[in-house]
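[1] Below are the sequence and a predicted model; questions follow.
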Amino acid sequence: MKNTFKKLIPYALVGVMSGATTVGALTYFNEANGNSDFSYFAPKNSNAQYAAFNMTGVGDDFVKAAKMTVPAVVSIKNFSAAKARGSEQDLFDLFFGNPRPQQQTPPPNMPTGMGSGVIISPDGYIISNNHVIAGANKLEVVLSNKKSYVATLVGTDPTTDIALLKIEEKGLPYLNFANSDNVDVGQWVLAVGNPMGLNSTVTAGIVSAKGRSIDLLSQNSRTPIESFIQTDAAINPGNSGGALVNPNGELIGINSAISSKTGYYEGYGFAVPANLARKVVEDIKKFGLVQRGFLGVLSLDLSDSQAVAAYNREKKTNLKEGNGVYLIEVVEKGGAELAGLRNGDIITQVDNTPVSSYFDLSYAVGSKRPGDKVLVTYIRNGKTNTVNVTLRDQQGGTALRSKADLSVTEKIGAEFEPLSEKYKTSYGLNSGVIAKNVQSGSEMANIGVVDNYIVIEVNGKPVNSQKDIEKQLQSYKGNVQIKYVDEYGRITTRGFKMP
């Protein structure tokens, strides 16, 4: 039901600035042609014109902020196997129209993608985007002083598109997180990163909007949190994971995406707010995974006129569009139900912060942990009420969990449904389960498994149910071999190390 009323999006290519394909491809093309001056983007003797305006005072602030920020922003090179990047070909088509068919896979010593990252502690913790590091076999971090390191991936969160890396070094320059809730629309900001392979690039602009949703992360997560800071500071492919800072050089966001029909900057850039990014990395450092609270509801965004109209047609109701989130279903024994919320209630505030859309609600709740209490304001039968709700995790618990507490399917990032005997007979299979809800960046995704692929064996043993897989891997340590069938009927065996 939730998918039925998923937000419909106007056509707008959201250019994921994945260093994980675009800039790697551009770098590869330029180096392959012996071109080191990036004339592909700015031809020599072109008619390009300079533009300037008087920024006395503000310019001084920008200089100080840039001097503080540039040393703490790094370049990240993603080395990965082509098969682990299922969307790579699509992205080539998207950005270049006609990729070179004979050279789709860079040589082993070339990165498949490049992006940016921000050092957030002197001992080498680096924050970046999940899509920058996705599918990596090796991650190389290059500082602004050109010194390079092999980084360890500490953890990722596709829900917010945040990743945490670590390099072994001390005394590094770093940036402090600012309180992004205090960011104002119209204030000056700087974006710092490595667009198109141009290291340590600084661009200036303003905060254009807050709490923006572009429905980008739903392709990687069933429960995305989108409340982006929108800026008109120039951001391009390769800026992903870089810093958005205020004139004091404080980190207010992690640059993540652009809205563009060309794949390049057209005036709209988006950054994950610092408060959300900080919470994610703190969770990863402390627990090894993100602790996310849930209300326990299925909802309809009343600000989405098309979704409301679709719901009214299907249910033959007469809901009015407007601000707020209408509760379609309250999950049994979830936090909302236990606090007294019911189907048909309309949530308008969380902790006295207005909730105009589903994404406002997901940010307000998703930035909390299981066990946290939130004050929910809602409308029932025209009357406004408030109630305290204790948030729970997706399993209904209130306790914080570590990686050791995860189920097998949570660890490997997929769920499984039995394969019918009729299907087995038709395709000549003796065993098999259908992969469902494969999480982006998970162990299963990294070996090439996507939704609806058929897993027929785990470690050489046939599997016919999710229980079979859980039984084999429950206490298993070491390398796991998965044999699966793809959409073309090809059988592949690939492996990963059990988390």
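    That came through fine.

[2] State whether Ala349 is indeed within a strand.
    Small correction: residue 349 is Gln, not Ala. Yes. Looking at Gln349 with DSSP: H, G, I helix; E, B strand; the rest coil, it is inside a strand.

[3] tell me which element Thr152 is part of?
    Element membership of Thr152 [criterion: DSSP states H and E] is strand 148-157.

[4] same for that strand, what does it pack against?
    helix 130-133, strand 138-142, strand 162-166, helix 274-287 (3 or more CB pairs under 8 Å, 6 or more residues apart in numbering; DSSP states H and E). For glycine as for every other residue, the C-beta is placed from the backbone atoms N, C-alpha and C.

[5] Can you pull out the residues in contact with it?
    Defining contact as CB atoms under 8 Å, 6 or more residues apart in numbering, one finds that strand 148-157 is touched by 76, 124-126, 130, 133, 136, 138-143, 162-169, 280, 284-285, 288-290, 441.

[6] how about a cut-off of 7 Å?
    Strand 148-157 is contacted from outside by 126, 130, 133, 138-142, 163-167, 169, 280, 284-285, 288-290, 441, using CB atoms under 7 Å, 6 or more residues apart in numbering.

[7] For PyMOL, write a command that selects the buried ones of those.
    Only the buried entries of the contacts of strand 148-157 go into this PyMOL selection, using 16 or more other CB atoms under 10 Å:
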select buried, resi 126+130+133+139+140+141+142+163+164+165+166+167+280+284+288+289+290+441
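
[8] could you pull out the strands for the stretch 201-350 of the chain?
    Counting by DSSP state E, counting those that start in this stretch, the segments of the stretch 201-350 of the chain that form strands are 201-212, 228-231, 243-245, 251-259, 269-273, 297-301, 325-330, 346-350.

[9] again with the stretch 51-200 of the chain
    Using DSSP E, counting those that start in this stretch, the strands of the stretch 51-200 of the chain run over residues 73-79, 113-119, 125-128, 138-142, 148-157, 162-166, 188-193.

[10] Who are the packing partners of the last one?
    With contacts defined as 3 or more CB pairs under 7 Å, 6 or more residues apart in numbering; DSSP states H and E, the secondary structure elements packing on strand 188-193 are helix 58-69, strand 201-212, strand 243-245, strand 251-259.

[11] Could you dump those into CSV and include distance to Gly322?
    As requested, the helices and strands packed on strand 188-193 are exported to CSV (distance: least, CB to CB, whole Å):
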stretch, distance to Gly322
helix 58-69, 39
strand 201-212, 17
strand 243-245, 32
strand 251-259, 25
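
[12] quick revisit: reformat the helices and strands packed on strand 148-157 as CSV; add mean pLDDT and distance to Thr317.
    Formatted as CSV, the helices and strands packed on strand 148-157 follow (pLDDT from 0 to 100; distance: least, CB to CB, whole Å):
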stretch, mean pLDDT, distance to Thr317
helix 130-133, 90, 38
strand 138-142, 94, 50
strand 162-166, 96, 38
helix 274-287, 95, 34
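
[13] can you tell which of the ones you listed is closest to Lys315?
    The closest of the helices and strands packed on strand 148-157 to Lys315 is helix 274-287. By CB to CB, the value is 33.3 Å.

[14] List the contacts of the closest one.
    Here helix 274-287 makes contact (CB under 7 Å, 6+ apart) with 120, 127, 154-155, 157, 160, 162, 164, 177-181, 225, 227, 251-254, 289-291, 363, 367, 400, 402.

[15] which non-adjacent residue is nearest Lys138?
    Leaving aside its sequence neighbours, Lys138 sits nearest to Phe79 (CB to CB, 6 or more residues apart in numbering; 4.1 Å).

[16] what residue lies at the spatial centre of the protein?
    Centroid-nearest residue in the chain, with CA atoms, centre = their mean: Asp161, separated by 2.0 Å.

[17] contacting residues around that residue?
    For Asp161, the contact set (CB under 7 Å, 6+ apart) comprises 129-131, 217, 256, 272.

[18] okay, among the residues you listed, which ones form the most distant pair?
    His131 and Val272, at 11.6 Å, using CB to CB across the contacts of Asp161.

[19] Looking at the two, which one has more neighbours?
    Ranked by neighbour count (other CB atoms under 10 Å), His131 and Val272 place His131 first, with 31 against 28.

[20] Can you tell me which of the strands of the stretch 201-350 of the chain is most buried?
    Most buried of these by mean neighbour count (mean count of other CB atoms under 10 Å) is strand 243-245; its value is a mean of 32.

[21] Would you mind checking the average pLDDT for that one?
    For strand 243-245, mean pLDDT rounds to 97.

[22] partner strands of that strand, parallel or antiparallel?
    Partner strands and pairing direction for strand 243-245 (DSSP bridges) are strand 188-193 (antiparallel), strand 251-259 (antiparallel).

[23] wait, Asn246 sits on Ala191?
    No. Using CB atoms under 7 Å, Asn246 makes no contact with Ala191, being 11.6 Å away.

[24] which of those two has more neighbours?
    Counted by other CB under 10 Å, Asn246 and Ala191 do not tie: Ala191 has more neighbours, with 28 against 22.

[25] residues contacting that one?
    With CB under 7 Å, 6+ apart, Ala191 has these contacts: 203, 231, 233-235, 239, 242, 244, 255, 269.

[26] Worst mean pLDDT across the helices and strands of this structure, which element?
    Among the helices and strands of the chain, helix 88-96 carries the lowest confidence by mean pLDDT, DSSP states H and E, at a mean of 30.

[27] now Lys67, nearest residue through space, not along the chain?
    Going by CB to CB, 6+ apart, Lys67 has Gly249 as its nearest residue, at 7.8 Å.

[28] Report the contact partners of that neighbour.
    Counting by CB under 7 Å, 6+ apart, Gly249 touches 64-65, 68-69, 175.

[29] cutoff 6 Å now
    Going by CB atoms under 6 Å, 6 or more residues apart in numbering, Gly249 touches 65, 68-69.

[30] From the contacts of helix 274-287, list just the buried residues.
    120, 127, 155, 157, 160, 162, 164, 177-178, 180, 225, 227, 251-254, 289-291, 363, 367.

[31] circling back: closest one to Leu375 among the strands of the stretch 51-200 of the chain?
    strand 148-157 (25.6 Å).

[32] buried residues in that closest one?
    149, 151, 155-157.

[33] Could you do stretch 470-487 as well?
    Going by neighbour count (16+ other CB under 10 Å), the buried part of stretch 470-487 is 472-473, 480, 482-485.
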